[in-house]
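**Q** Using only what follows, build the 3D model:
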Amino acid sequence: MSTLYGTEQLILNELFDHSIFTSTITSKTTQARAEAINALKRPATQQRLNAFFRDLVGVIPSNFQENLVFLPGEKWLSPEAVHILLATLKAVINLPELQNTQLDRVVDVRTIVRQVHSEVVELDEKEIRRQIIALFVQRLGLFAADEPEAGPDGDDQAQEVEEYWDVSPDFNFIAQCLVNQLQETQQLPALTAVQRVNRALLNQRYLAASSRLWPDLVAHKAAIAEQWRQTNRFVLECGDDYALLLDERRTPSTAKPFVIAVGVARSLGVGIPADRLTARIHQIAEQVLPGYAINVSLVKEALHDNALARFQDGYIMATPLVHRFAMHTTDKGED
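**A** Sure, this is the predicted structure:
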C-alpha cells in the first residue's frame, strides 16, 4: 500500500469528520484546502482515494463534479434520518428564491421546517428542527446560521426572532451525491473480514474481545493498523480485551459532561436498563460534581462519542475502554 499524499489525507479526514467534501473555492478557503480541491480534479487523485476507501470499508465516496459524500455509518441509514434528509433536500431545492441566484442563498428556518414536517408527519416541528440542525448544520455543514432579525423597532411587545440559514453553494451537487450514496448502500457488496472490522472501528471506534469480529481483528491486526496509519491521524491500539481507534487530533477531555460520563460508565457494572440511564446520570453527577447544573444530553453524547458505553437489548453497558480513565471527584478527568 502506497502512502497517501497530504491533499488526499486532508480530503479523506474531512470525509471522516463531516461526510462531505465540497469543491467551491471562496475567500475563506485555506490554501491547503484549495490545493486539495484542485488535486481532486485529477483522475489519479480520485483513483487513489477510491482505492483507499474500497480497501478500508468496501465502499467509495459518491462523486458529483468533484463534490464527495461518504456515509458508511449505520446511524445515517435509519429510516427516520433518511426521511428527514431527503425531505430537507427536496424542500431546499424547490425554494423559488434559490432557483436563479448564487449571491443570496439565505432560507427561512421556519419555512424549511414546515415543509419537512408536511412529509415527516410522525415528528413535531421542534424535533424536526433539531434533527435538521444535527444533519445539515453540525454534521454536513451545508447550512450556516445567519444573523437573526428582530421585529419592528418601537414595539414594546416581545418579538419573535426570525431565523435564517445560509445554504452552501455546493448544496445541489451534494444533494445528488447524497441520493447516489444512499442508493449504493442498498447494494453493498460482500465485505472481507478486514472491511467488516474497519467499518465497526469507524462507526464506534472500538471493539471488545466479546465481539464476533474480535477473531478477525486479531488475525489481521497488522494490516488493519497499517491501513489506518495512512490517514496520518488514526492509530490502532490493541489491549488484551479491546481494540481502540485513537484519534491523534483529539486531546483528553476535561469537560464536566465527559467527567460525569466516565463516572456513569464506571458505575454500570454488568449493565442497567436503558430507561434508568437519566436517573443514573443525575445520581453520579451529584456525587462527582455536587451542585453542577447537569445537561443530560451532553453526558449521553460523551458516553457515545468516547465509546464508554453501548446499548444492547434494552440495556446500557460499559465498554472495556472505561478502564482507561481514572475517576476523581474534581472537575477534571484524566486519561
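**Q** dump the residue contacts of residue 204.
**A** 307, 310 (C-beta atoms under 8 Å, 6 or more residues apart in numbering). In this view, the C-beta of every residue, glycine as well, is placed from N, C-alpha and C.
**Q** Read off the pLDDT value for it.
**A** The model reports residue 204 with a pLDDT of 81.
**Q** next one: residue 257
**A** On the pLDDT scale, residue 257 is placed at 88.
**Q** In contact with it, which residues?
**A** Applying C-beta under 8 Å, 6+ apart, the residues contacting residue 257 are 294-295, 298-299, 301-302.
**Q** where does the stretch 151-300 of the chain dip in pLDDT?
**A** Where the stretch 151-300 of the chain drops to pLDDT under 70, the residues are 151-161, 186, 250-254.
**Q** residue boundaries of the helices in it?
**A** 171-185, 193-204, 214-219, 221-229, 256-267, 277-288, 296-305 (DSSP state H, counting those that start in this stretch).
**Q** Please list the residues outside the first one that contact it.
**A** Among residues not part of helix 171-185, those counted as contacts by C-beta under 8 Å, 6+ apart are 20, 22-23, 59, 61-65, 67-71, 77, 82, 85-86, 89, 92-93, 105, 140, 142, 168.
**Q** Distance from it to the middle of the chain?
**A** On the basis of C-alpha atoms, centre = their mean, to the nearest Å, helix 171-185 is displaced by 17 Å from the centre of the chain it belongs to.
**Q** Contacts only, for residue 13.
**A** 231, 233.
**Q** And it, which helix or strand is it part of?
**A** helix 6-18 (DSSP states H and E).
**Q** Between helix 193-204 and that helix, find me the angle.
**A** 60 degrees (axes from the mean of the first three to the mean of the last three C-alpha atoms, to 10 degrees).
**Q** Put the alpha carbons of helix 6-18 into CSV.
**A** Coordinates of each C-alpha in helix 6-18 appear next as CSV, following Å, rounded to 0.1, in the frame of the first residue of the first chain:
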residue,chain,number,x,y,z
GLY,A,6,-1.2,15.3,2.1
THR,A,7,-4.0,16.6,-0.1
GLU,A,8,-5.6,13.2,-0.2
GLN,A,9,-5.3,12.8,3.6
LEU,A,10,-7.0,16.2,4.0
ILE,A,11,-9.9,15.1,1.8
LEU,A,12,-10.4,11.7,3.5
ASN,A,13,-10.2,13.1,7.0
GLU,A,14,-12.8,15.8,6.1
LEU,A,15,-15.0,12.9,4.9
PHE,A,16,-14.5,11.1,8.2
ASP,A,17,-15.4,14.2,10.1
HIS,A,18,-18.3,15.7,8.1
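**Q** Go through that helix and flag the buried ones.
**A** Buried residues in helix 6-18, defined by neighbour count with 16 or more other C-beta atoms under 10 Å: 7-15, 18.
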